Structures are given as structure tokens and as C-alpha cells.
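*Asks:* output the structure for:
(chains A and B)
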Amino acid sequence: MYLTKEEEVILSGEKGEILARFMKLLVKLGEKFGAEKLIPVSSVQIAGISYKNISDPGLEFLEEIARSDVKTNVISFMNPAGMDLELWKELGISEEFAKKQLRIIDALKKLGVIASATCTPYLAGMLPRFKEHVAWSESSAVIFANSVLGARTNREGAFTALASALIGKTPYYGLHLEENRKANFKIKVDCKLKNEADFSILAYFLCKYFKKGIPFFEGFIASADELKLLGASLAAYGAFALFHVKDVTPEASLQNEFDDKLLVTEQDLSKAKMEVVKEIEPDIIAIGCPHASIREIKKIFSLLENKKMKIPVWVFTSRVTKKLVDEKFRNILEKLNVKIFCDTCPVVMPLKEIGIKSVATNSGKARFYLLNQGMNVYFADLKTLIDKFSEG
Amino acid sequence: MKRIKCNPVSGGKAEGEVIFTKEPISFYGGVDMKTARVIEKGHELEGKSIAGKVLVFPHGKGSTVGSYVIYGLKKYGKAPLALVVEEAEAIIISGAILASIPCVDGVKINELENVKKIMVNADKGEIEVIE
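*Replies:* This next block holds a predicted model:
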């Protein structure tokens, strides 16, 4: 791989041992995937923030880096943490967990990372343009950036994103190259997607037949919120990082010869839904995986029609979006047993430790990860959840 | 003595007992970082510790937070001596480099299935079968 003089200098350790290690990581990755060079990125999304996921070694690792004088070289946002950074007590998070989580945030802030704590950076102020090269982790943000925005990123990991944040570059391979962004199989949706939950079910159905590649969808028009949910589920149930939708996404004209085609009928979708939906008694309803947009919060408000919920509804969003919700509306929501939390999400929170065993959600991604964590999950669209679990 | 060529991923040398699996490993959620035991249900190494051994496996899988688990194993003194993989992907490459665990890839691992002890030279890209 070709390295510039400056890159060689960093690799040699002249700029410190820590940068050298991260540079080595990028170079190895580049060599492995046949990258000809490193390219600059204009933003980075860093995953691996929750104390639940990275625990003490992760915390110590980040503090060790923060003690040195390295800083991020490019605007960098962080993924959700294991708790609401302010209202953690209300979530039943222990003092010990909170202390360590806040140390992780502090270490990252010291490195220059913005304390965004969201999986939807594109809704919180970090918006790449079409064809802009970025290095994002968080699989749902990666697939949104690639598919809906037409930005260019590989599916980065916790460490590779951190490396790109500190070096400001990423190896030039994979989805950074236009030739690798062409759709290679086609999904013809021959039925109506009636609500947001159907987008997750479509992803679930597709992933039974395909685990990787780039799908080209035809047959529906979707909102950005719905595309967010479709992408999140595609990335959870399969290893997808990019999809195209005819007349909806910016690179839908990038196509290879389709090796495979799949027709999705009404019957397929309802059969898949039966597999996904299992009746349980949920402890809470979790909305906002990925983090809710202001439009989704508004929808919750209007669907409620002043009905009080029998079980707590936790709506997860970014701090930026929460600020858009007027205090008056927040108070009404709270009276109806609906509470907005930020900085965290059901997937990276220590749910078991705070006594939650069963969750109802409208997110296919949350369903996938919570089941993996041994939780019981009831999956349905927002309207069904509200009708089913509200008082008369 | 049998020598096998391979690609260096993360430098260093290590000699030790082999722990072998033909199933991919998810470090996040699949390996306990304090005990180094494989905890993934139904994995052929379930219940076994990978600490202090040369771990031979096809490739990683699962969440990229797995890199932190590899780093954590090292911090807790429970890391494998070296990683030998058929195909290293980002999780393994990142974890091995940042934790400074010798790692090589490009190895047809079935050649090592019944081998007891090997020497991994991850600087040169070579494995020596000892036993």
C-alpha cells in the first residue's frame, strides 16, 4: 500500500506510540483488503461506548489514550452509552455503573469526541453529503449513510473508527469505491408495506434468503424514518451495509447484472410476521432503535390520543432531538406514562441488571439484539403497541 | 519439522499448546474476558479456556466490540499466546494489533487440526509444527 511521507512518519512512531499503533491498524486493514492508499475522511462515528459492552478494559484503554496528548483529527461523534447521562437514576442504573460510564464519556471528550451519544448522527448535526467519504461504525448509521445519503463508508468497528478519528483517514477499499456499490440482487415488493414494522419484517424475510450483497428494492416509496428502520434491520439480521430503492435512494441506478431475484408477496410478509411476533407480557415498551426522529415522537403523541399507557413507554432519542420536544408536550407524555430518554438505547443498556426481562418494541433491530441477550420480545408496529397496552 | 507459510497480521513470536476449532468465534458475547472461557451456547469450545494457548480458528464473527474483548483478555492476563486464523477480518485484526497479540492469517487451518504444539512467528509469517 502506498503511504505518504507523513503517514510513514506516524507509522514509524515519531508521533508517539499510540498513533503508531492506530496507523498500523489502518495499514494492516488496508493491506488485507487490497487498498492502494489511505484517504481522508470528513467525519467519524465511534461505536463501543457503553460500559456494558466494553467494561473495565475498554474504560482503561480509552483513559490510557486520553492521558497521552493525542486528539481527534476530524469531527467525531459517539454511539449511545449504557444510560441516559443525566437521568440515569430514573432508569434504575447503579452508581457504580454510572461512575464508570461517565469516565468513558470523559475520556472520549478529552480526545475531542463530541458527546453526541446517538446512533443517528445524521439527525444530530453530523450529516455527510452525497459521495462524501466518512468512517462510521454503528451498523444502522453505516447503512443509512451509504444508502439514503449516498455517502461512502465501510462498516467500521469500534477500534477502526477510533483509529480513523485519531488519524483522520481510512483505507481506500470496499464501499469507498463506486464499482463496489452496485446492487447485485433484486427484491420486488409486490405488496403494501402498511406501517413502519413492515419494513423490519421485509428485512427479516429477505435475510432468510440473502445474508450479504447489495439489494435493489422495487415497489415501494418510503420515508427517511422507514428507510432508517429497514436499514437497521438489514444490518442486524444480515451483514448489509448498503441497499438501493428504485426512485427513492440516490444511487439506485448503480446495478450489476442481477444474479438473483426475489418476489415478496402479501402472503410472504404475513407468514414472516407470524414467525416474528410472539405474545409475551412486556415490562416496558421501547421505541427509538435507532434513535427516534422528531417526526416519530410526534407520531407517538398523536397515536396516544391522551390514552394512558399501562406499562412504561421509554422513547430513546438523541439529546438534540429531545430538545426539540417542547416541555409542555414532555409533561403530557409523562402523565401518559411515556418518557423520553437520551444518550442510550435498549440494546446497549444493562436492561437485565435493572430488572427488565421482557420488552415490546417496533424495531426489528432491537428485537434481534434483545433476543440474543436472552430477553423476551414482543414485536409490533407503534399503533398496535399503543392500542394493546393503553388503558381503554 | 513441518513449516507452514502464512501472512503476518500482528507481530511477535509465541510457542505453545494448540486449541483448535473449525467454528468461527464471536469474541463479544462468546468469550468471557475475565476467565477466557468460551461461553457461546453450543460452540464446540464451550466451557474451554483459550488463555495461554495458541488459538486456531477460521475467522471472527459478530459485533465489532469483539476487538475490545480481545484487548480485555490481554489486560486480565488471559489472552491466547497467539491467534492463527484462516481469514482475519477487522475484528480480529484490530483486537490483535491493539492488544499486541501475535496473529497470522492465510492458514488452511485443517492442517493444524490434530497438532498439539506449534511455534508462531508472526514477524516472518511462518508456523512451525512442533508436536
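*Asks:* please save the CA atoms from stretch A:35-48 in CSV.
*Replies:* Extracted in CSV, the C-alpha atoms of stretch A:35-48 (Å, rounded to 0.1, in the frame of the first residue of the first chain):
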residue,chain,number,x,y,z
ALA,A,35,-6.4,-0.8,-0.6
GLU,A,36,-4.0,1.2,-2.7
LYS,A,37,-3.8,4.0,-0.2
LEU,A,38,-5.4,5.8,2.7
ILE,A,39,-7.9,8.5,2.0
PRO,A,40,-9.0,11.4,4.3
VAL,A,41,-12.5,11.1,5.8
SER,A,42,-14.6,14.0,6.8
SER,A,43,-16.4,12.5,9.8
VAL,A,44,-16.2,9.5,12.1
GLN,A,45,-18.9,7.7,14.2
ILE,A,46,-17.4,5.7,17.1
ALA,A,47,-19.1,2.7,18.5
GLY,A,48,-18.2,0.7,21.6
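*Asks:* close to chain B, is that stretch?
*Replies:* Yes. With C-beta under 8 Å from any C-beta of the partner chain as the measure, stretch A:35-48 is seen reaching chain B through A:Ala47, A:Gly48. Any C-beta I mention is one placed from the backbone N, CA and C, and that applies to glycine too.
*Asks:* what are the buried residues along that stretch?
*Replies:* Using 16 or more other C-beta atoms under 10 Å in any protein chain shown as the test for burial, stretch A:35-48 gives A:Ala35, A:Leu38, A:Ile39, A:Val41, A:Ser43, A:Val44, A:Gln45, A:Ile46, A:Ala47, A:Gly48.
*Asks:* which of those residues lies closest to A:Ser200?
*Replies:* A:Ala47 (20.8 Å; C-beta to C-beta).
*Asks:* hmm, that closest one is touching A:Glu138, no?
*Replies:* Yes. Counting by C-beta atoms under 8 Å, A:Glu138 is a contact partner of A:Ala47 at 4.8 Å.
*Asks:* anything in contact with each of these two?
*Replies:* Residues touching both A:Ala47 and A:Glu138 (C-beta atoms under 8 Å, 6 or more residues apart in numbering or on different chains) are A:Asn79.
*Asks:* hey, what's B:Phe57 bridged with?
*Replies:* B:Val85 (DSSP bridges).
*Asks:* same check on A:Leu38?
*Replies:* Residues in a beta bridge with A:Leu38, per DSSP bridges, are A:Pro171.
*Asks:* that one and A:Thr153, how far apart?
*Replies:* Separation of A:Leu38 from A:Thr153 (C-beta to C-beta, to the nearest Å) stands at 14 Å.
*Asks:* enumerate every residue touching the nearest residue in space to A:Thr317 that is not next to it in sequence.
*Replies:* Distances taken as C-beta to C-beta, 6 or more residues apart in numbering or on different chains put A:Ala292 closest to A:Thr317, at 4.4 Å, once the chain neighbours are dropped. Shown in contact with A:Ala292 (C-beta under 8 Å, 6+ apart): A:Ile300, A:Val315, A:Phe316, A:Thr317, A:Thr321.
*Asks:* which phi and psi does A:Ala292 have?
*Replies:* phi -70, psi 140 (degrees, to the nearest 10).
*Asks:* which among the buried residues of stretch A:35-48 gets closest to chain B?
*Replies:* Ranked by distance to chain B (C-beta to the nearest C-beta), the buried residues of stretch A:35-48 are led by A:Gly48 at 4.9 Å.
*Asks:* strands of the chain, start to end?
*Replies:* Because you didn't say which chain, this covers chain A. A:38-40, A:44-46, A:76-78, A:135-136, A:169-171, A:183-189, A:215-218, A:244-245, A:255-264, A:284-292, A:313-317, A:338-342, A:358-361, A:376-379 (DSSP state E).
*Asks:* that was the other one, I meant chain B.
*Replies:* B:3-5, B:7-10, B:13-20, B:54-57, B:82-85, B:103-105, B:117-121, B:126-129.
*Asks:* roughly how far does A:Tyr172 sit from B:Asp123?
*Replies:* Remark: distance between A:Tyr172 and B:Asp123 (C-beta to C-beta) = 27 Å.
*Asks:* neighbour-wise, which of these two wins?
*Replies:* A:Tyr172 (19 against 13; other C-beta atoms under 10 Å in any protein chain shown).
*Asks:* hang on, the more buried one packs against A:Ala35?
*Replies:* Yes. With contact defined as C-beta under 8 Å, A:Tyr172 and A:Ala35 form a contacting pair (4.7 Å).
*Asks:* ok, for whichever residue of the stretch 251-392 of chain A sits closest to chain B, nearest residue in space, not its chain neighbours?
*Replies:* Relative to chain B, the nearest point of the stretch 251-392 of chain A is A:Asn372 (7.1 Å; C-beta to the nearest C-beta). Excluding its sequence neighbours, the residue lying closest to A:Asn372 (C-beta to C-beta, 6+ apart) is B:Gly29, at 7.1 Å.
*Asks:* what's that neighbour in contact with, if anything?
*Replies:* Contacts of B:Gly29 by C-beta under 8 Å, 6+ apart are A:Asn372, B:Ile39, B:Glu40, B:Gly62, B:Ser63.
*Asks:* again with A:Ala158
*Replies:* When contacts are counted by C-beta under 8 Å, 6+ apart, A:Ala158 is found next to A:Ile46, A:Ala47, A:Gly48, A:Ile54, A:Ser137, B:Thr64, B:Val65, B:Ser67, B:Tyr68, B:Ser94.
*Asks:* how much space between A:Lys212 and A:Arg155?
*Replies:* A:Lys212 is 11 Å from A:Arg155, by C-beta to C-beta.
*Asks:* where do the contact lists of those two overlap?
*Replies:* In contact with both A:Lys212 and A:Arg155: A:Ala239, using C-beta under 8 Å, 6+ apart.
*Asks:* among the contacts of B:Gly29, which are in helices?
*Replies:* Per DSSP state H, helices hold the following members of those: A:Asn372.
*Asks:* of the contacts of B:Gly29, which is the nearest to A:Ala117?
*Replies:* A:Ala117 has its nearest neighbour among these in B:Ser63, at 18.1 Å by C-beta to C-beta.
*Asks:* I'd guessed A:Leu371 sits against A:Val377; true?
*Replies:* Yes. Under the criterion of C-beta under 8 Å, A:Leu371 makes contact with A:Val377 at 5.5 Å.
*Asks:* neighbour-wise, which of those two wins?
*Replies:* Set side by side, A:Leu371 and A:Val377 show more neighbours around A:Val377, with 23 against 14, by other C-beta under 10 Å.
*Asks:* pretty sure the more buried one contacts A:Ile280?
*Replies:* Yes. With contacts counted by C-beta under 8 Å, A:Val377 reaches A:Ile280, the gap being 7.2 Å.
*Asks:* any shared contact partners between the two?
*Replies:* Counting by C-beta under 8 Å, 6+ apart, the common neighbours of A:Val377 and A:Ile280 are A:Ser358, A:Ala360.
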